[in-house]
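# one predicted model, sequence on top.
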Amino acid sequence: MKLHEIRDNEGANRKKKRVARGPGSGKGKMAGRGIKGQTSRSGVALNGYEGGQMPLYRRLPKRGFTAPNAKKFAVINLGQLQSFVDAGKLDASAAVNEDTLVASGVIRRKLDGVRLLGKGELKAKLDLTVAGASKSAIEAVEKAGGKITVTTPAREEAAAE
């Protein structure tokens, strides 16, 4: 094969349909746009408009609510922490907080805080300070001999006050 022999695959480039080029083309006179009206003119975009019929987005039920001020947490699992301790990227003897997690590369950014979840196994004894933690994660850290401090109060405690 030489450079001058290179071709596109058959049918890869299709020719553009040339409209309004006489009656023999099949797309002459009105160029396939019909007679008069809004859509026969240029610059028309009627996305979602169904010609007076109730549009689909209004026929479907709307449920739920998205809180605009909801907090977004950076989520980590116990297994991830253990793998970073094993790799030597996280110092188990020093206190571990959100800033040290970002610095060691466990998480990219802390967002509104770091939330610890209980997936995986933790063998290292860690002194953790995070914004939130699941009950199973707290139990696992304490079982491994570590200590965990949760800075954000749990929802049940906040509701009780």
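Thanks, I have it. Bear in mind that the values here come from a model prediction, so they are computed numbers and not experimental data.
# so the chain: which segments form each domain?
Taking automatic domain parsing as the criterion, the chain consists of the domains 19-63, 74-160.
# what does stretch 10-23 contact?
Stretch 10-23 has contacts (Cβ atoms under 8 Å, 6 or more residues apart in numbering) with 25, 27-29, 31-32. Using the backbone N, CA and C atoms, a C-beta is placed for each residue, glycine as well.
# at 10 Å instead, please
Residues outside stretch 10-23 that contact it (Cβ atoms under 10 Å, 6 or more residues apart in numbering) are 7, 25-33.
# with stretch 58-65 instead?
With Cβ under 10 Å, 6+ apart as the criterion, stretch 58-65 contacts 48, 50, 53.
# for these, which one is nearest Pro153?
Taking Cβ to Cβ as the measure, Pro153 sits nearest to Gly48 out of the contacts of stretch 58-65, at 44.0 Å.
# inside helices: which ones of the contacts of stretch 10-23?
Per DSSP state H, helices hold no members of those.
# format the residues you listed as CSV; extra columns: distance to Leu128 and neighbour count.
Listed next are these as CSV, based on distance: Cβ to Cβ, whole Å; neighbours: other Cβ atoms under 10 Å:
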residue, distance to Leu128, neighbour count
Arg7, 62, 8
Ser25, 73, 14
Gly26, 72, 10
Lys27, 69, 16
Gly28, 75, 13
Lys29, 75, 12
Met30, 71, 12
Ala31, 69, 14
Gly32, 67, 13
Arg33, 66, 16
